[in-house]
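Colleague: What follows is a predicted structure for the sequence shown.
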Amino acid sequence: MDLRWRFSLPEIVENEMQRIIVVELGEKRLGILVDSVSQVIRLSSSIIEKIPEEVTTADENYITGVGKLDGRLIIILDLNRSLLLT
């Protein structure tokens with residue numbers, strides 16, 4: 001699945017930076033096409049915070065939380081919702 005298509009972003013020309021990320025959701029295995037990958041990290045659930053309801057809009061219902069690591073803010077996608085698997 002192309003995440004640009006899923007999030008209604010304009011298409012781009014295929015390039016060598018694009019990657020396919022393979023994820024497993026329960027018994028489902030899915031390949032997700034992304035523009036690029038700069039780093040793969042593991043976040044402890046203790047540093048992931050829920051997004052306050054007052055800042056969440058209908059367009060952001062695919063975000064499950066944010067993680068803070070080394071001064072960076074990392075957005076956590078809810079893959080079930082963002083890929084309409086539920």
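Modeller: Okay, I see it.

Colleague: For this structure, which segments count as helices?
Modeller: 3-6, 79-82 (DSSP state H).

Colleague: nearest spatial neighbour of residue 43, skipping sequence neighbours?
Modeller: Distance criterion C-beta to C-beta, 6 or more residues apart in numbering; nearest residue to residue 43, sequence neighbours excluded, is residue 67 at 4.5 Å. Every C-beta, even on glycine, is put in place using the N, C-alpha and C of the backbone.

Colleague: can you count the residues close to that neighbour?
Modeller: Residues contacting residue 67 under the criterion other C-beta atoms under 10 Å number 17.

Colleague: Residue 43 is in contact with residue 69, isn't it?
Modeller: Yes. Counting by C-beta atoms under 8 Å, residue 43 touches residue 69, with 6.5 Å between them.

Colleague: Please look at residue 33 and residue 18 and confirm they touch.
Modeller: Yes. Contact criterion C-beta under 8 Å: residue 33 and residue 18 qualify, at 6.3 Å.

Colleague: measure residue 42 to residue 10 for me?
Modeller: 32 Å (C-beta to C-beta, to the nearest Å).

Colleague: my bad, residue 48
Modeller: 30 Å.

Colleague: Not counting residues beside it along the chain, what's closest to residue 82?
Modeller: Nearest to residue 82 is residue 62, by C-beta to C-beta, 6+ apart, at 3.5 Å.

Colleague: okay but the one you found is in contact with residue 78, surely?
Modeller: Yes. Contact criterion C-beta under 8 Å: residue 62 and residue 78 qualify, at 5.6 Å.

Colleague: Quick check: closest non-adjacent residue to the residue nearest to the spatial centre of the chain.
Modeller: Of all residues in the chain, the one closest to the mean position by C-alpha atoms, centre = their mean is residue 77, 3.8 Å from it. Nearest non-adjacent residue to residue 77, counting by C-beta to C-beta, 6+ apart: residue 62, 5.8 Å away.
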